[in-house]
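1. following is a predicted model, sequence given first.
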Amino acid sequence: MDEIDFTRAAEPEPGREPALSRLALPAMLAVAAVVAGSALALWTQDGQTGEALARVEFVPARTPEVLLVALPASPAPGPLGPTPTSEREPEAAAPPGEAPGAAEAPVAPTPQPLEDPAPAVPGALAGITAWSNGDSTSYYMSAAFLAMVERAGGTAAIAPSYVVSSGLLNPNLHDWPANLVSEMALHNPEVVVFMLGANDANGAAANPEAYRARVGAVMDQLNTPGRRVAWVGQPIMGRDDLAVSVPVVNRIFEEEAAIRPWVTYVDAYGLTTDASGSYATHLPGPDGEPQLMRADDGVHLTPAAGERLARAVFMALFPDVPVP
């Protein structure tokens with residue numbers, strides 16, 4: 001209820017103003033309030049007409065006249081039309097992919113955010129410097145892994161990067177053994193993560209023993225006291241030629257790592273197959289909902305797949321530290 005207090009000025013001396021005149025102004029205001037209140041309330045919604053009610057009281061003489069106006073609550077107006085919904089922003093494309101060896105341009109739209117990361121153990125990896133690199137299949141894995149290390153208190157030796165079309169069979173394009181010598185001397189990381197092979201696969205399958213020698217040599221040059229090395233295999237491929245040759249290089253990686261205690265092999269192939277062991281573009285995410293894992297070329301990974309691999313790498317290297 002709204003109350004409007006119309007308090008008159010100081011009352012004139014007795015006999016100088018008729019009682020009727022003292023009530024004239026409040027009465028006029030009361031009538032005006034009723035009319036105005038009714039006008040305001042006579043609006044229609046959904047076929048129903050509002051109703052205005054007013055109660056007017058005049059208190060005795062020598063007391064300020066008070067006009068009490070009571071209006072019933074009216075329903076709020078309904079929406080004028082349907083609420084518009086905004087369209088989703090187009091999802092970002094992945095960085096350029098590899099050239100001839102695997103594919104030329106990965107198309108990797110940004111996936112829906114994953115579940116909130118587990119709280120990092122404060123300082124769990126304090127003093128640990130991690131390095132991660134490789135060909136373009138490694139990029140999203142490296143980015144996610146280095147971020148995990150930093151959340152756990154460690155340090156990323158380099159920003160996430162990759163070398164397009166690179167491998168161990170084409171040193172003229174990029175000499176990984178020479179590059180690794182300089183990188184290890186510069187950063188001396190306690191943890192090294194290395195992932196390549198898609199550009200080597202077809203050539204390696206043609207001469208597996210020669211490729212095995214190159215792989216073993218790189219693993220040996222990464223060996224230094226206190227350093228842990230994770231060698232990440234290649235994912236299952238949706239391209240016919242690589243579907244045949246990638247298992248060959250993965251077997252070489254796994255066997256060579258098994259005879260070197262400082263190297264841990266991480267099976268990206270098994271992490272990217274469906275329940276039947278087949279190639280799949282979508283796999284369940286941490287919340288169980290399907291997530292896009294592969295680019296249209298059937299070779300490159302999406303950020304969601306990179307996160308999936310990075311978690312496996314982190315758990316392999318730091319089994320006692322919760323994945324942050």
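-> Nice, thanks for sending it over.
2. what residue ranges in the stretch 101-250 of the chain score low on pLDDT?
-> Within the stretch 101-250 of the chain, the segments meeting pLDDT under 70 span 101-122.
3. swap in 90 and give it another go.
-> Residues of the stretch 101-250 of the chain meeting the criterion pLDDT under 90: 101-123.
4. can you give me the strands in it?
-> 129-134, 155-156, 191-195, 228-232 (DSSP state E, counting those that start in this stretch).
5. pairing partners for the third one, with directions?
-> For strand 191-195, the pairing partners within the sheet under DSSP bridges are strand 129-134 (parallel), strand 228-232 (parallel).
6. what does it contact?
-> For strand 191-195, contacts defined as C-beta atoms under 8 Å, 6 or more residues apart in numbering pick out 128-135, 137-138, 141-142, 145, 149, 154, 184, 218, 222, 227-234, 268, 313, 317. From N, CA and C alone the C-beta is placed, and that goes for glycine too.
7. contacts only, for the closest residue to Val163 other than its chain neighbours.
-> Leaving out its chain neighbours, the residue that sits closest to Val163 by C-beta to C-beta, 6 or more residues apart in numbering is His174, at 4.9 Å. Taking C-beta under 8 Å, 6+ apart, we find His174 in contact with 163, 165-166.
8. on that earlier part again, would you turn the strands paired with strand 191-195 into TSV with distance to Ala257?
-> Listed next are those as TSV, based on distance: least, C-beta to C-beta, whole Å:
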stretch	distance to Ala257
strand 129-134	15
strand 228-232	5
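9. Val299 is nearest to which of those?
-> Closest approach to Val299 among the strands paired with strand 191-195 is made by strand 129-134 (13.7 Å; C-beta to C-beta).
10. coming back round to it: would you reformat the strands of the stretch 101-250 of the chain as TSV and include distance to Ala305?
-> Below are these laid out as TSV (distance: least, C-beta to C-beta, whole Å):
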stretch	distance to Ala305
strand 129-134	14
strand 155-156	20
strand 191-195	12
strand 228-232	12
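11. dihedrals phi and psi, the residue nearest to Val163?
-> With angles defined as degrees, to the nearest 10, His174 sits at phi -160, psi 120.
12. so how far is Gly134 from it?
-> When C-beta to C-beta, to the nearest Å is the yardstick, His174 and Gly134 sit 11 Å from each other.
13. same question for Ser165.
-> Distance, Ser165 to Gly134, using C-beta to C-beta: 12 Å.
14. also Met219?
-> For Met219, the distance to Gly134 - C-beta to C-beta - is 14 Å.
15. between the two, point out the one with more neighbours.
-> Neighbours were counted for Met219 and for Gly134 using other C-beta atoms under 10 Å; Gly134 has more, 23 against 19.
16. so what sits opposite the spatially closest residue to that one that is not a sequence neighbour in the bridge?
-> Once flanking residues are discounted, Gly134 sits nearest to Met195: 3.8 Å by C-beta to C-beta, 6+ apart. Beta bridges link Met195 to Gly134, Val232, judged by DSSP bridges.
17. what number of residues lie near Met195?
-> When neighbours are counted by other C-beta under 10 Å, Met195 comes out with 28.
18. doesn't Ala205 make contact with Val244?
-> Yes: in this structure, Val244 is within contact of Ala205 by C-beta atoms under 8 Å, at 7.0 Å.
19. so which of the two has more stuff around it?
-> Ala205 (18 against 13).
20. tell me the contacts of the more buried one?
-> Here Ala205 is in contact with 244-245, 248-249 (C-beta under 8 Å, 6+ apart).
21. for the residues you listed, pick the one with the most neighbours.
-> Neighbour max across the contacts of Ala205 (other C-beta under 10 Å) = Val249, 27 neighbours.
22. gap between the residue lying closest to that residue once chain neighbours are set aside and Pro177?
-> Counting by C-beta to C-beta, 6+ apart, the nearest residue to Val249 once its immediate chain neighbours are dropped is Gly197, at 4.5 Å. Distance from Gly197 to Pro177, counting by C-beta to C-beta: 15 Å.
23. with neighbour numbers in mind, choose between the two.
-> Remark: of Gly197 and Pro177, Gly197 carries more neighbours, 33 against 13, as counted by other C-beta under 10 Å.
24. tell me the phi and psi of the more buried one?
-> Dihedral angles of Gly197 (phi, psi; degrees, to the nearest 10) stand at phi 130, psi -20.
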